[in-house]
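**Student:** the sequence and its predicted three-dimensional model are supplied below.
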Amino acid sequence: MQLIVTAISKAYASVQAVKQVSFQIDSGEIFALLGPNGAGKSSIIRMLVGMTKPDSGSIMISYQDQQFDHVPRRLLGYLPEDRGLYPDKSIEKNLLYLAQLHGLSKSVALQEMDYWLGEFELLERRHDELKQLSKGNQQKVQLIAAVLHKPALVILDEPFSGLDPINQEKVVLFLQQLKQRGMTVILSAHQMAMVEKLADHMLLMAQGQVVLAGTLQQIQQQGQGPREMKVGFNSAVSLEQLQQLPALLLAQPLQANHYMLTLVNDVGVSECLKQLLALAELTQVEMQTADLHQLYLAAMTKHNLQVTV
């Protein structure tokens, strides 16, 4: 399966929600749409699942030598932003009903259900009404409902919403299992630290625009901000001494004789080390890699955009 999105745009009244966004997803990938509320993530998902159509641009999908200008419903598993199961029905009845809507036999649906309920530690609660569950457990049932029919493409809008840190990690494992089963996953999220662990490719957005795109390594290269280095000395070096070095933009004390240094952009690491060694012997040198959140904020500044929360 391959999904190719080319220059899609979408406006609602006077709001331009999505502006000329393009990306490609290959079979078996986990692809993340990242950004704060209002970035345009959910608008893209609504177009992908067919709830709305792009004002311009195209959505093309290839699957088993067939071409489509939309995502066929039979290939799709979807976790919507606004959840929609039946609170007065049991977990089992909810999941059976949705699985059979997708054409699964009762025996196959029960087999899949048992597996996923076991993975999410809900097997013994299968006959509980949904309204008896915590918000986090209801979220787990929603996730199971999206994948029971083994779709080729799974689209998850904010799958970490309402979950505590332990259950967020369970969702990470769930997504990794979907990939192992050969499913292609698109997820929309703003928890960048969670997505950083598992996404093959990412699209970081703000105000409907793409600000960074690619693998984590590619994004780190695109969004490279100030270089930081953690250092330690074997003898006393003062903050004032470091602040006088031409290679350094900033020095911040961490603990005794240890500092976080920000290098001047056009100064090489070797030159910086030479200046540091003139002060004292180094016991630690560790270059710091910016995480997705830091890269995103740097890209926002570069594009003169503001984060809307």
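**Tutor:** Nice, thanks for sending it over. Residues are numbered from 1 along each chain as shown.

**Student:** can you pull out the helices in the stretch 51-200 of the chain?
**Tutor:** 91-101, 106-119, 135-147, 165-180, 192-195 (DSSP state H, counting those that start in this stretch).

**Student:** how about those helices, which one is nearest residue 265?
**Tutor:** Closest to residue 265 of the helices of the stretch 51-200 of the chain, according to C-beta to C-beta: helix 192-195, at 24.4 Å. In this view, the C-beta of every residue, glycine as well, is placed from N, C-alpha and C.

**Student:** and that closest one, C-alpha only, in CSV?
**Tutor:** Taking Å, rounded to 0.1, in the frame of the first residue of the first chain, the C-alpha atoms of helix 192-195 are listed here in CSV:
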residue,chain,number,x,y,z
MET,A,192,6.1,14.7,20.6
ALA,A,193,8.2,12.7,23.1
MET,A,194,5.9,9.7,22.6
VAL,A,195,5.9,9.9,18.8
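
**Student:** geometric centre of this structure: which residue is closest?
**Tutor:** residue 195 (3.6 Å; C-alpha atoms, centre = their mean).

**Student:** pLDDT below threshold where in the stretch 151-300 of the chain?
**Tutor:** Scanning the stretch 151-300 of the chain for pLDDT under 70 picks out the ranges 223-226.

**Student:** would you map out the domains in this structure?
**Tutor:** Here the domain parsing of the chain from automatic domain parsing is 2-87+147-222, 228-289.

**Student:** in TSV, list these along with distance to residue 139.
**Tutor:** Formatted as TSV, the domains of the chain follow (distance: least, C-beta to C-beta, whole Å):
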stretch	distance to residue 139
domain 2-87+147-222	5
domain 228-289	31
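
**Student:** output stretch 106-116 as PDB, restricted to C-alpha atoms.
**Tutor:** The C-alpha coordinates for stretch 106-116 follow below in PDB (Å, rounded to 0.1, in the frame of the first residue of the first chain):
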ATOM      1  CA  LYS A 106     -18.400 -13.700  14.900                       C
ATOM      2  CA  SER A 107     -15.800 -16.300  15.500                       C
ATOM      3  CA  VAL A 108     -13.000 -14.300  13.900                       C
ATOM      4  CA  ALA A 109     -14.100 -11.100  15.700                       C
ATOM      5  CA  LEU A 110     -14.100 -12.900  19.100                       C
ATOM      6  CA  GLN A 111     -10.600 -14.300  18.400                       C
ATOM      7  CA  GLU A 112      -9.200 -10.900  17.600                       C
ATOM      8  CA  MET A 113     -11.100  -9.300  20.500                       C
ATOM      9  CA  ASP A 114      -9.700 -11.800  23.000                       C
ATOM     10  CA  TYR A 115      -6.200 -11.000  21.800                       C
ATOM     11  CA  TRP A 116      -6.400  -7.200  22.100                       C
END
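
**Student:** what's the neighbour count on the nearest residue to residue 114 once chain neighbours are set aside?
**Tutor:** Excluding the flanking residues, the one nearest residue 114 by C-beta to C-beta, 6 or more residues apart in numbering is residue 123, at 6.8 Å. Neighbour count of residue 123, defined by other C-beta atoms under 10 Å: 14.

**Student:** just residue 70 next, same as before
**Tutor:** Residues near residue 70, counting by other C-beta under 10 Å: 15.

**Student:** so what's it up against?
**Tutor:** Counting by C-beta atoms under 8 Å, 6 or more residues apart in numbering, residue 70 makes contact with 50, 59, 61.

**Student:** which pLDDT value goes with it?
**Tutor:** Confidence at residue 70, expressed as pLDDT, is 91.

**Student:** ok, for the residue nearest to the centre of the chain, nearest residue in space, not its chain neighbours?
**Tutor:** Nearest non-adjacent residue to residue 195 (C-beta to C-beta, 6+ apart): residue 32, at 4.5 Å.

**Student:** and the one you found, how far is that from residue 201?
**Tutor:** 7 Å (C-beta to C-beta, to the nearest Å).

**Student:** same question for residue 2.
**Tutor:** 13 Å.

**Student:** got any residues that touch both of those two?
**Tutor:** When contacts are counted by C-beta under 8 Å, 6+ apart, residue 2 and residue 201 are jointly contacted by residue 25.

**Student:** now for the host helix or strand of residue 287, which elements pack on it?
**Tutor:** Using DSSP states H and E, residue 287 maps to strand 282-288. Applying 3 or more C-beta pairs under 8 Å, 6 or more residues apart in numbering; DSSP states H and E, one finds that strand 282-288 contacts strand 228-233, helix 269-277.

**Student:** strand partners of it, parallel vs antiparallel please.
**Tutor:** Here strand 282-288 is paired, per DSSP bridges, with strand 228-233 (antiparallel).

**Student:** then the partner strand to CSV, C-alphas only?
**Tutor:** C-alpha atoms of strand 228-233 as CSV (Å, rounded to 0.1, in the frame of the first residue of the first chain):
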residue,chain,number,x,y,z
GLU,A,228,25.0,22.5,22.8
MET,A,229,27.8,20.6,24.6
LYS,A,230,27.9,19.3,28.2
VAL,A,231,31.4,19.4,29.6
GLY,A,232,33.2,18.6,32.9
PHE,A,233,36.6,19.8,34.1
